[in-house]
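Trainee: dropping a prediction and its sequence here:
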Amino acid sequence: MTTKVHVKNNRWAEGSFPNTPEGEEVFTITKDRFDGAVSGFPDIAGKLDAFIDWDTDNFEASMKDADVLLTWNLPTENLRSVAPNLKWIHCIGAGVEHMLPMDWLPDGVTLTNNKGVHGAKAAEFGLMSVLMLHSHMPAIVTNQRNVVYDSLYCSPIAGKTLVVVGTGSLGGSAARKVGQLGVHVIGVNWHGKPVDGCDEVVTTDQLDTVLPRADYVLMATPDTPETRGLFDRRRLDLLKPAAGVINIGREAIMDYDALCDKLDEGSLAGAILDVFDPEPIAANSRLWATKNLIVTPHVSADDGDAYIPLTLDLFFKNMSLYLSGESLLNPIQPELGY
């Protein structure tokens, strides 16, 4: 008896996922990619029947007898009727805020995410961004745009303080990488437990106590009801004027208008933003013209060559557990949204 896997790919579209043709190439699970990855798991290779699809072209017809869904998003209305055999959905992203609220998730269906796939890339991007802020690169880029030649110097970064808000796979990986340079790393999370790579850890309700100490802040939290608006104007005002901000989490956690105000008035030194809503950014967005701000097009944590191979490696490890009746890796708690 085989397990049917419906693979739902998405054609690129502005404001959706993926939102560029390049993204479609990176995030598509082709038959060759699927077959190549499952060949590394000979114990399950002959037990799967995969249907590779696009958008909702054949969704309802295929899901009538599908056991597992591999996707970024899905039509959620009447899912139990559409997919009566469905037991497991794996989201190919780490963030699942686009699936909230999860009252559509049928009883007995497990939702998992891609936690861990992004760690290595996020660590390098976090390190690069902190070093760019330390080296005044946002200001240097602004000066270049304005044809200004101004020598902005810095010393080695050891001894500076980085506050990492969200110490999961993304934030934790970046903390470990940056800490290797002698930076004092303060982690902020909801539980306050020790985190590898962090010299200190405080709970989220203690965030205000550590922000004035920060030379740099790295935001790496998911978008949940608890994190939306977490970094508002009041908290931005707690930062010293020489501080810099990085966001690789989600736009909803930070007040971008307030951030732009502070950058333009010179009460914050620089920022690097990688996440936006919607994406791509509108042509008339003030983000494009804000001084000392570097915009990157949501590339902080996605490995262009290995994203799908890493995703499928995680998926097939979980598939082995699924077929054995064991608990899956990276289960999402619907009531929490992560």
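Mentor: Structure's in. What do you need? Residues are numbered from 1 along each chain as shown.
Trainee: assign residue 218 to helix, strand or coil.
Mentor: strand (DSSP: H, G, I helix; E, B strand; the rest coil).
Trainee: ranges for the strands of this protein?
Mentor: 3-9, 48-54, 68-71, 88-91, 110-112, 161-165, 184-189, 200-203, 216-219, 244-247, 270-273, 293-295 (DSSP state E).
Trainee: which of these is buried the deepest?
Mentor: Most buried of the strands of the chain, by mean neighbour count (mean count of other Cβ atoms under 10 Å): strand 216-219, with a mean of 29. In this view, the C-beta of every residue, glycine as well, is placed from N, C-alpha and C.
Trainee: next up, the contacts around residue 228.
Mentor: By Cβ atoms under 8 Å, 6 or more residues apart in numbering, residue 228 lies in contact with 252-253.
Trainee: my bad, residue 314
Mentor: By Cβ under 8 Å, 6+ apart, the contact set of residue 314 is 114, 116-117, 329-330.
Trainee: distance of residue 86 relative to residue 104?
Mentor: Separation of residue 86 from residue 104 (Cβ to Cβ, to the nearest Å) stands at 12 Å.
Trainee: give the residues shared as contacts by the two.
Mentor: Counting by Cβ under 8 Å, 6+ apart, the common neighbours of residue 86 and residue 104 are residue 79.
Trainee: neighbouring contacts of stretch 255-266?
Mentor: With Cβ under 8 Å, 6+ apart as the criterion, stretch 255-266 contacts 229, 231-233, 236-237, 241, 245, 268, 270-271, 273, 286-287, 290-293.
Trainee: isn't residue 82 up against residue 60?
Mentor: Yes: the pair residue 82 / residue 60 is scored as a contact, 5.6 Å apart, by Cβ atoms under 8 Å.
Trainee: neighbour count winner among those two?
Mentor: residue 82 (17 against 13; other Cβ atoms under 10 Å).
Trainee: how many neighbouring residues does residue 297 have?
Mentor: Using other Cβ under 10 Å, residue 297 is surrounded by 15 other residues.
Trainee: any idea how far it lies from residue 287?
Mentor: Distance, residue 297 to residue 287, using Cβ to Cβ: 12 Å.
Trainee: now residue 329
Mentor: Separation of residue 329 from residue 287 (Cβ to Cβ) stands at 36 Å.
Trainee: this protein: helices as residue ranges?
Mentor: Taking DSSP state H as the criterion, the chain contains helices spanning 21-27, 31-38, 59-63, 79-82, 119-134, 137-145, 169-179, 207-210, 233-236, 256-265, 307-323.
Trainee: highest mean neighbour count out of those helices?
Mentor: Among the helices of the chain, helix 169-179 has the highest mean neighbour count (mean count of other Cβ under 10 Å), at a mean of 25.
Trainee: now find how far off-centre it is within its chain.
Mentor: Chain-centre distance of helix 169-179: 13 Å, with Cα atoms, centre = their mean, to the nearest Å.
Trainee: by how many degrees do it and strand 184-189 diverge?
Mentor: Interaxial angle of helix 169-179 relative to strand 184-189 (axes from the mean of the first three to the mean of the last three Cα atoms, to 10 degrees): 170 degrees.
Trainee: ok, residue 92 touching residue 114?
Mentor: Yes: the criterion here is Cβ under 8 Å, and residue 92 meets it with residue 114 at 5.6 Å.
Trainee: between these two, what contacts are shared?
Mentor: residue 311.
Trainee: follow-up on the earlier one: compare residue 86 and residue 104 and say which one has the larger neighbour count.
Mentor: residue 86 (23 against 16).
Trainee: ok, the residue lying closest to the more buried one once chain neighbours are set aside to residue 83 distance?
Mentor: Sequence neighbours aside, residue 109 is the residue nearest to residue 86 in space, at 5.6 Å (criterion: Cβ to Cβ, 6 or more residues apart in numbering). Distance, residue 109 to residue 83, by Cβ to Cβ: 9 Å.
Trainee: for the residue nearest to residue 104 when sequence neighbours are not counted, give me its contacts.
Mentor: Once flanking residues are discounted, residue 104 sits nearest to residue 76: 3.7 Å by Cβ to Cβ, 6+ apart. Residues near residue 76 by Cβ under 8 Å, 6+ apart: 99, 104-105.
Trainee: if we can go back for a sec, same list (the strands of the chain) but as a markdown table, adding distance to residue 136 and mean pLDDT.
Mentor: Listed next are the strands of the chain as a markdown table, based on distance: least, Cβ to Cβ, whole Å; pLDDT from 0 to 100:
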| stretch | distance to residue 136 | mean pLDDT |
| --- | --- | --- |
| strand 3-9 | 42 | 98 |
| strand 48-54 | 45 | 98 |
| strand 68-71 | 42 | 98 |
| strand 88-91 | 38 | 98 |
| strand 110-112 | 42 | 98 |
| strand 161-165 | 16 | 98 |
| strand 184-189 | 20 | 98 |
| strand 200-203 | 26 | 98 |
| strand 216-219 | 12 | 98 |
| strand 244-247 | 9 | 98 |
| strand 270-273 | 7 | 98 |
| strand 293-295 | 11 | 98 |
